[in-house]
Structures are given as C-alpha cells and as structure tokens.
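Participant: The following block contains a protein sequence and its predicted model.
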Amino acid sequence: MTEHTHHDDQHDQSDKQSGRIARGSVLLIEDDSTIAEEIVAELTGHGLDVLHRATGDSGLAAALAGGADVLVVDRLLPGLDGLSVIETLRQRGIRTPVLVLSALSAVDDRVTGLKAGGDDYLTKPFAMEELLARVEALLRRPDDTRSTKLCVGPLEMDLIERRVWRDGREIDLLPREFRLLEYLMRRPDQVLTRSMLLEDVWQYRFIPRTNLVDVHIGKLRRKVDSPGEEPLIKSIRGTGFLLRVAD
C-alpha cells in the first residue's frame, strides 16, 4: 500500500456538524497491507487524517516527528516491534495515546501491551466499528487520563482484565454490558439519551426505532443493582438514563 495521508473535507464537515467524532489525525503502524487499507478506509471515511507506515522503524520516525493525535500500532512488526516503538516514545516523553493491535489475546499479553505504554488493546480479528470506537475514545480522552481502572461510587472497573466489582462483589458482564457500563461510569450523574447510547456504544450512524437500549439497560441494572442495594442506574422518563453516584 502506498504510504500517504488521506483527507475528506465532505466527511470532515458532516462529522463536525454531527459532533459524533472528535476531529484528529491518526498514525497507523501496520505491516499487513490488507488490514492497513481497511483501517485507512474506515477512519478516513469518518473524517480523520491517516498516515500509514508499514515498519516499526519508519513508524517510530513518523511518531517522533509529531502531529498525530492517536497512534494505532500493530504489536508484531518487521524490524522494530510495536511494543519497542511505544516504549521508545514513552521514554522520550511523548504521551500520544496508543491503541495496540495484536493477534495475542491472553490477559498477560494485554497487560504487557499496556505496561509498555499503550492506552488500549484490541485483538485481531476485530470489527472496524470497534476500532473506530476505540480511536474515537482516545481522541476524546483528556491528555492526563491513563488509568487502567475506573472507580465510581461503589463500582470499580478493571479495563485490562475486563472485570467489574460493586463493593467487592464481582459482577459478571457480557462484552456489550461491559462497554455500556464503562460508558455510564465515564459520565456519572449525567443524563444519557438513548440516541447517545446507540451512537456511542452501538456505533449506529442512524437512530432506529428500537428498544435495544432499554433491554440492555434492564439486564445491566439487574446485575449491578442487587436486591437490597441502593439502585445506581436510574431511568429518566422520556429522556434516557444516568448512573447516580452523587450523595
């Protein structure tokens, strides 16, 4: 694949108007040309600038040159591997958020990737919508937010091991429920509309007439709010939902 920068003014303008995705530039370091082309198409299709490099050495040089808001780095690269790229950047004080891509899915591998300085970890194969959602989250993340745990009221979430506890009681969540709760925990005491949840959690680019959100919120609420516990997930009539943690 030819290495170059993509820009789409039409998509850029529409996305700015919709406010669905933060504007930004992405440096992709990926040696698999097929995967790289798909990622470039997905991200540029949503108004992002993408610069592609196919080796760790050329990717590191591009990252050191600056300008990228997010790095998407394959773990296994020819020459300098992805983790070495990330470690070198962190050692030089470059804090640009990094999404690590890898065919290695074990918890230990995720931990290794995050300890090297990665901010998020996505295992292959993955859906392009999932990659877009994670890049979007990194673009919107404050620069100083690098914690791998969320603690909101009695809830604690481990983003590496994908585990959740309430007052020490572990809550067994399905992947979609985990993502939904993570979205709520990042926005405590904020009213979240069904449209927001469908766009940001399900990645819908149009809003269908569906009770999908209500069904998943109901399942999540039954797991998070056990009998006798103070209900945390509240329904706001006619509007949406919120995670109530304020006194």
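Facilitator: Arrived safely, thanks for sending.

Participant: Let's see stretch 90-97 as PDB, backbone CA atoms only.
Facilitator: Extracted in PDB, the C-alpha atoms of stretch 90-97 (Å, rounded to 0.1, in the frame of the first residue of the first chain):
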ATOM      1  CA  ARG A  90       7.300   7.000  26.300                       C
ATOM      2  CA  GLN A  91      10.900   7.100  27.300                       C
ATOM      3  CA  ARG A  92      11.200  10.300  25.200                       C
ATOM      4  CA  GLY A  93       8.300  11.800  27.000                       C
ATOM      5  CA  ILE A  94       5.800  11.500  24.100                       C
ATOM      6  CA  ARG A  95       2.400  10.800  25.600                       C
ATOM      7  CA  THR A  96       0.300  10.500  22.400                       C
ATOM      8  CA  PRO A  97      -2.500   7.900  23.100                       C
END
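
Participant: Please spell out which residues along it are buried.
Facilitator: By neighbour count on 16 or more other Cβ atoms under 10 Å, the buried set for stretch 90-97 is 94, 96-97. Every C-beta, even on glycine, is put in place using the N, C-alpha and C of the backbone.

Participant: and it, average pLDDT?
Facilitator: Average pLDDT, stretch 90-97: 84.

Participant: tell me how far that stretch is from the chain's mean position?
Facilitator: Relative to its chain's centre, stretch 90-97 lies at 19 Å (Cα atoms, centre = their mean, to the nearest Å).

Participant: domains of this structure?
Facilitator: Using automatic domain parsing, the domain parsing of the chain gives 5-140, 149-243.

Participant: Just the element for Glu170, please.
Facilitator: Assessed by DSSP states H and E, Glu170 sits inside strand 169-171.

Participant: which residues make contact with that strand from outside it?
Facilitator: The contact list for strand 169-171 (Cβ atoms under 8 Å, 6 or more residues apart in numbering) reads 163-165, 223-224, 226.

Participant: Those, buried ones only, as a PyMOL selection?
Facilitator: Command for PyMOL that selects the buried part of the contacts of strand 169-171, burial taken from 16+ other Cβ under 10 Å:
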select buried, resi 163+164+223+224
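
Participant: on that earlier part again, need the buried residues of stretch 90-97 in CSV with distance to Thr34 and secondary structure, can you?
Facilitator: Listed next are those as CSV, based on distance: Cβ to Cβ, whole Å; DSSP: H, G, I helix; E, B strand; the rest coil:
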residue, distance to Thr34, secondary structure
Ile94, 29, coil
Thr96, 26, coil
Pro97, 25, coil
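
Participant: Cheers, nothing more for now.
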